[in-house]
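Q: Quick one, fold the following:
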Amino acid sequence: MARMTGGEAIVDGLLRHGIDTVFGLPGVQVYGLFDAFARNANRLRLINARHEQTTAYMALGYACATGRPGAYAVVPGPGVLNTTAALATAWGLNAPVLCITGQVPSAMIGRGRGQLHELPDQLATLRTLLKSAERIEHPTDAPRLVANAFQQMRSGRPRRRSRPWRRGCGRRGRRCSGWAAAPRMPGPKCWRWPSGWAYRWSRSAPGAASSMTGIRWR
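A: Have a look, this model is predicted:
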């Protein structure tokens, strides 16, 4: 059984579901994830930006241009809020976009203690914008929740997804063996379209955006 940090478990899930490009802007709550990106640089391309909104719009453009899920990673709080314009656009286009964001330390969630990038209820906020939003509480939860995000994007009406993780989870090693029970989901048959057909496809295709917020990184 492999021993992985939360960040490594997420990256492993992305790779298993065919993600080879991630758009991102690093910050303290997601250092563990970006460390995992760096360790897998031979298999996963990371494209950095100078503003969170840019990462989300690049992921949206990638999804519309390729017909494949677009993924991006940003810090929580104001960082992920800066991406909501792109998430709202993805909602309207039914585009498959995966948002991966962080969280404040687990013990501080919902306490209102003024933690860096704290929101009153980040998960509830994301759920008002997305087809699916879940928080990864522990590295061993990552395989199941990442697989669920892709299943949601590839079934029903396409929508965005989000998967947050609690700070500290990304750098804490845990034995993860959940991938056998969460195999790569097959993509829909009609995810590629000629240039200019994005709107037509978006009204009939099956699966879209998602968000992950809150893996602990230690």
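Q: any idea how far stretch 31-47 is from the chain center?
A: 14 Å (CA atoms, centre = their mean, to the nearest Å).
Q: So which elements touch the helix ranked longest in the chain?
A: If each helix of the chain is counted by residues according to DSSP state H, the longest one is helix 52-66. Contact partners of helix 52-66 among helices and strands, from 3 or more CB pairs under 8 Å, 6 or more residues apart in numbering; DSSP states H and E: strand 21-24, strand 70-74, helix 84-93, strand 97-101. No exception for glycine: its C-beta is placed from N, CA and C like everyone else's.
Q: Give me the angle between the longest one and helix 52-66.
A: What it means is helix 84-93. 20 degrees (axes from the mean of the first three to the mean of the last three CA atoms, to 10 degrees).
Q: Buried ones in helix 84-93, by neighbour count?
A: Buried residues in helix 84-93, defined by neighbour count with 16 or more other CB atoms under 10 Å: 84, 86-87, 89-91, 93.
Q: tell me the least confident of those residues?
A: pLDDT across those is at its lowest for Trp91, which sits at 88.
Q: Off-centre distance for the helix or strand containing Ala142?
A: Element membership for Ala142 (DSSP states H and E) is helix 142-153. With CA atoms, centre = their mean as the basis, helix 142-153 stands 10 Å off its chain's centre.
Q: counting contacts, what elements does that helix pack onto?
A: Counting by 3+ CB pairs under 8 Å, 6+ apart, helix 142-153 packs on helix 6-16, strand 97-101, strand 160-164, strand 209-213.
Q: The longest one to strand 70-74, inter-axis angle?
A: Translated: helix 6-16. Here helix 6-16 runs at an angle of 170 degrees relative to strand 70-74 (the same axes, to 10 degrees).
Q: remind me which residues of this structure are low pLDDT?
A: 1-2, 158-218 (pLDDT under 70).
Q: One more pass at 90, please.
A: Counting by pLDDT under 90, the chain shows low-confidence ranges at 1-4, 91-92, 103-121, 123-124, 129, 131, 137-139, 152-218.
Q: so how many other residues sit close to Gly112?
A: Gly112 has 8 neighbouring residues, counting by other CB atoms under 10 Å.
Q: helix, strand or coil for it?
A: At Gly112, secondary structure determined by DSSP: H, G, I helix; E, B strand; the rest coil is coil.
Q: if we can go back for a sec, please tabulate the helices and strands packed on helix 52-66 in CSV, including the columns distance to Gly32.
A: Formatted as CSV, the helices and strands packed on helix 52-66 follow (distance: least, CB to CB, whole Å):
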stretch, distance to Gly32
strand 21-24, 13
strand 70-74, 11
helix 84-93, 23
strand 97-101, 12
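Q: Of the ones you listed, give the one that comes closest to Lys131.
A: Of all the helices and strands packed on helix 52-66, it is helix 84-93 that lies closest to Lys131, at 8.1 Å by CB to CB.
Q: Does anything pack onto that closest one? Which helices or strands?
A: helix 52-66, strand 97-101, strand 160-164, helix 198-202, strand 209-213.
Q: What residues of stretch 96-113 count as buried?
A: By 16+ other CB under 10 Å, the buried positions in stretch 96-113 come out as 96-106, 108-109.
Q: Kindly report the same for stretch 67-80.
A: 67-77, 79-80.
Q: how long is it end to end?
A: The first residue of stretch 67-80 is 23 Å away from its last residue (CA to CA, to the nearest Å).
Q: Thank you, goodbye.
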